[in-house]
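Asker: From the sequence below, what's the structure:
(one chain, ligands or ions: 2)
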Amino acid sequence: MNLQQLKYFWSLIPNTPGCKGCGNCCKIAPFIKSEYITIQEYLRGNKQTLPEKGIDGYCSALALDNKCLIYPVRPTICRLWGTQEITEFKIKGRAIELNCKVHPEANLNFHGDSRYQHYLRLYLLALNTTKTHYMLGFTEAELQAYLTRKK
Ligand code: SF4
Ligand code: SF4
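Answerer: Ligands and ions are numbered 1, 2, ... in the order given. Coordinates of the predicted model:
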């Protein structure tokens with residue numbers, strides 16, 4: 001999925017007005033290559049760096065005041081949180097639900113139109129056919145522990 005397609009997809013994802021911005025979902029943030037490039041350009045342009053590791057298993061872009069340090073270019077999964085429950089959204093074979101569990105009233109239950117569904121499929125394909133998923137602030141071992149944890 002190239003940068004142009006990615007940015008178009010982002011324009012189709014609705015805002016989640018009910019999101020409290022608590023940062024609770026900021027634990028697992030995979031990104032695809034075009035997202036990685038966008039984040040790197042943003043950081044370079046702002047002469048900014050991120051810590052190698054987040055605090056207490058949270059994303060390294062999450063500041064202490066719960067603000068996202070790369071908000072304008074945050075990965076797609078961060079934009080999808082609270083929009084819907086996508087059970088076919090899989091990382092390393094494990095389904096990830098995107099419904100907000102902390103503030104269920106924030107969920108939009110959005111399904112979008114055929115264009116949206118098309119770009120969502122493209123994104124999921126890119127995510128799951130990339131050999132390595134990069135996790136902000138996660139090592140591979142920590143990611144496996146996170147994905148196999150008992151709920
Ligand atoms: S989606 Fe939910 S958990 Fe994530 S920041 Fe918003 S309210 Fe918090
Ligand atoms: S990139 Fe930003 S929005 Fe996404 S998980 Fe990290 S802090 Fe949260």
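Asker: what sits against the nearest residue to residue 20 once chain neighbours are set aside?
Answerer: Nearest-residue entry for residue 20: residue 103, 5.3 Å, with adjacent residues in sequence omitted and distances by Cβ to Cβ, 6 or more residues apart in numbering. In short, each C-beta sits where N, CA and C put it, glycine included. Listed by Cβ atoms under 8 Å, 6 or more residues apart in numbering, the contact partners of residue 103 are 18, 19, 20, 22.
Asker: Would you tell me whether stretch 23-35 gets close to ligand 1?
Answerer: Yes: with Cβ under 6 Å from any ligand atom as the threshold, stretch 23-35 lies in contact with ligand 1, specifically through 23, 24, 25.
Asker: Give me the subset of those residues lying in helices.
Answerer: Among the residues of stretch 23-35 next to ligand 1, none falls in helices (DSSP state H).
Asker: who wins for neighbours among the residues you listed?
Answerer: Neighbour counts for the residues of stretch 23-35 next to ligand 1 peak at residue 25, which has 21 neighbours (criterion: other Cβ atoms under 10 Å).
Asker: Setting aside sequence neighbours, what's the nearest residue to that residue?
Answerer: Leaving aside its chain neighbours, residue 25 sits nearest to residue 81 (4.6 Å; criterion: Cβ to Cβ, 6+ apart).
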